[in-house]
Every structure is written in structure tokens, then in C-alpha cells.
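Asker: Give the three-dimensional model of this entry:
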Amino acid sequence: MWRAPGCSEVDRRDEVALQEGDALTGESLRDLVMERWKYPLEVRLHRRRDAFGVMNLWVQIMWKHLWEQSFPMTEEEYNNQLDAVAWYLNEWNVAGYVRNEIKTTTQNPGLTVNGGAKTVMIKLDMLTEEQQQMLAAEQ
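Answerer: Coordinates of the predicted model:
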């Protein structure tokens, strides 16, 4: 896609958000995850510093799912967490971007042969300066 000079990644995020339609809800996020991976997997926001000390924010789609006996949340807690994640994604105007990434990723969460676990990580590298400051202040 062609972009005008000076067009930032934030502008691309807005284009994707407009293409993808409605805002996310917890229920639509659950449906999206179940459509892609067939299980109600745990979805959470995760922040982490990279090797250069820059704080990054990620959406993590975990290998654990609601139907497991050992899942650490009740269905109500799970739904509340999805509602909260969806609310933040909408507030940060990245809901369409995340929806598109979930639909197109080739990664699959799950357990590895040697007993490890893998998650699907979607980097939210389109944070505004205000959101970067908020993350830095919460340390």
C-alpha cells in the first residue's frame, strides 16, 4: 500500500481499524479467538522491555483455555478479562489491527514437545507518546 511521505505507522493503524469495522467487545474477541484456534484461549495484555530498554506492549494469546480443569479463572473472570482487554484495544484504537493480526497469523499457541509453552504475541508498536509515558509511570 502506498503511503504519503511522513505517513506514520499510527496512520496505518487507523486505516486498518476503519477497514475492519466495529469496535471489539469481550464476546467478539472470544469469538475471534475461537474461530481461529477452536478453544476459548486466555487473552491478556503484557508489557515488557526490549534489549534497548524500551517498554513495549503486547497482546498475548496464551495456550491455556477455559475448558481446562486447571484453568485459573472462572468463566465470569475470563469474560471480564476479555472485556477489559477489548476495552483497552478500542481505547488505544488498535482493535482493527489486532483483529486482523489474529485472523492472519500463522502462529499457534500450545505446549511444545519438551514441555515448554508458546504464546501468540501481537506487538502493539503504535502507542502514542501519552501511552508510552503511562507505561513508564507504572513501573
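Asker: ok, and the closest non-adjacent residue to Leu82?
Answerer: Gly26 (3.5 Å; C-beta to C-beta, 6 or more residues apart in numbering). Any C-beta I mention is one placed from the backbone N, CA and C, and that applies to glycine too.
Asker: Could you pull up the residues touching that neighbour?
Answerer: Shown in contact with Gly26 (C-beta atoms under 8 Å, 6 or more residues apart in numbering): Asn79, Asn80, Gln81, Leu82, Asp83, Ala84, Val85, Ala86.
Asker: Restricted to helices, list those residues.
Answerer: Taking DSSP state H as the definition of helices, the contacts of Gly26 contribute Asn79, Asn80, Gln81, Leu82, Asp83, Ala84, Val85, Ala86.
Asker: Is it possible to mark the buried ones in the residues you listed?
Answerer: Buried by 16 or more other C-beta atoms under 10 Å: Asn79, Gln81, Leu82, Asp83, Val85, Ala86, out of the ones in helices among the contacts of Gly26.
Asker: residues of the host helix or strand of Ile102 that come out buried?
Answerer: Here Ile102, judged by DSSP states H and E, is contained in helix 95-104. By 16+ other C-beta under 10 Å, the buried positions in helix 95-104 come out as Ala95, Gly96, Tyr97, Val98, Arg99, Glu101, Ile102.
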